[in-house]
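# what follows is a protein structure lacking sequence information:
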């Protein structure tokens with residue numbers, strides 16, 4: 001367990017980029033130009049990272065924004081719901097917060113968003129922690145994604161999803177189960193019409209295999225510390241992709257959490273922290289190696 005002395009206060013703020021407001025969670029030195037940046041995916045939100053943000057704060061600045069269409073962020077119809085659009089928004093968030101160098105912690109769709117930013121800003125990209133995501137070469141969409149990508153069917157599926165059915169879907173592939181408050185938070189995200197619109201537009205605009213090949217080409221020559229952490233029972237992104245991150249990042253460290261699924265930060269937070277925190281301590285040089293969860 002992590003002691004209270006290993007926690008930093010988590011505060012909230014908000015920035016606006018091109019008229020799109022993104023709330024964020026943060027801890028640690030507020031003016032540091034180097035930060036650990038945690039990016040959620042679908043359905044988010046940044047709240048999924050609160051526990052980890054508190055544990056990063058004692059040794060580094062940590063920032064976790066709500067991305068457009070998710071959580072408390074604006075869900076404007078005019079936003080460009082593509083990988084490029086999200087990467088540009090992330091760049092604007094970092095600029096507004098004065099973050100010049102970023103250690104990325106990425107999950108789900110936050111992976112392509114953050115890695116696209118990294119490919120565009122290699123001089124500002126310091127390290128990557130890939131939580132059940134990465135460069136997904138030859139990826140084939142999971143069953144839910146195929147539904148969302150189908151016009152008409154995706155709208156009907158999201159519009160008619162009931163609370164019990166959504167709870168069952170969210171628990172899929174989670175041996176320990178998700179905490180009730182996390183399930184309720186994720187369900188609230190899924191039932192929000194603005195988030196539903198964001199999900200449908202994003203999935204329909206994204207050819208993930210093509211995105212992965214482009215990222216592989218642009219990132220494979222950039223030698224940065226990379227940690228890939230995967231839940232063994234992830235039903236959406238097969239655990240075999242953990243080792244495949246070495247195709248793009250040859251020196252990547254790989255760790256598989258045997259009792260976790262798609263949301264390690266929710267269903268196995270201690271297991272995740274025992275792997276992630278020592279890595280982040282080392283790459284940020286913020287404290288003696290081995291600090292963090294015990």
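That came through, no problem. Just so we're clear, the structure is a prediction, and the values are computed from it rather than from any experiment.
# I'd assumed residue 83 was in contact with residue 206.
Yes - applying Cβ atoms under 8 Å, one finds residue 206 in contact with residue 83, separated by 6.0 Å. Backbone N, C-alpha and C define where each C-beta goes, glycine included.
# what do the two both touch?
Shared between the contact lists of residue 206 and residue 83 (criterion: Cβ atoms under 8 Å, 6 or more residues apart in numbering) are residues residue 112.
# higher neighbour count, the two?
residue 83 (23 against 18; other Cβ atoms under 10 Å).
# what about that one, distance to residue 190?
Remark: distance between residue 83 and residue 190 (Cβ to Cβ, to the nearest Å) = 21 Å.
# and residue 132, how far is that from residue 274?
When Cβ to Cβ is the yardstick, residue 132 and residue 274 sit 16 Å from each other.
# between those two, which one's more packed in?
Between residue 132 and residue 274, counted using other Cβ under 10 Å, the more crowded position is residue 132 (26 against 16).
# next, give phi and psi for the more buried one.
phi 60, psi 30 (degrees, to the nearest 10).
# these two touch, right, it and residue 230?
Yes - under the criterion of Cβ under 8 Å, residue 132 is in contact with residue 230, at a separation of 5.3 Å.
# any common contacting residues for these two?
The contact sets of residue 132 and residue 230 overlap at residue 237 (Cβ under 8 Å, 6+ apart).
# and the gap between the one residue sitting closest to the centre of the chain and residue 33?
When Cα atoms, centre = their mean is applied to the chain, the residue found nearest the centroid is residue 107 (2.7 Å). For residue 107, the distance to residue 33 under the criterion Cβ to Cβ works out to 24 Å.
# this structure: helices as residue ranges?
50-56, 83-96, 110-120, 143-148, 153-160, 163-171, 180-191, 193-205, 208-219, 240-244, 264-267, 269-284 (DSSP state H).
# number of nearby residues for the nearest residue to residue 213 once chain neighbours are set aside?
In space, residue 213 comes closest to residue 137 once its chain neighbours are excluded; the distance is 6.5 Å by Cβ to Cβ, 6 or more residues apart in numbering. Residues near residue 137, counting by other Cβ under 10 Å, number 16.
# picking that back up, check contacts around the residue nearest to the centre of the chain.
Applying Cβ under 8 Å, 6+ apart, we find residue 107 in contact with 38-41, 48, 131-133, 263, 265.
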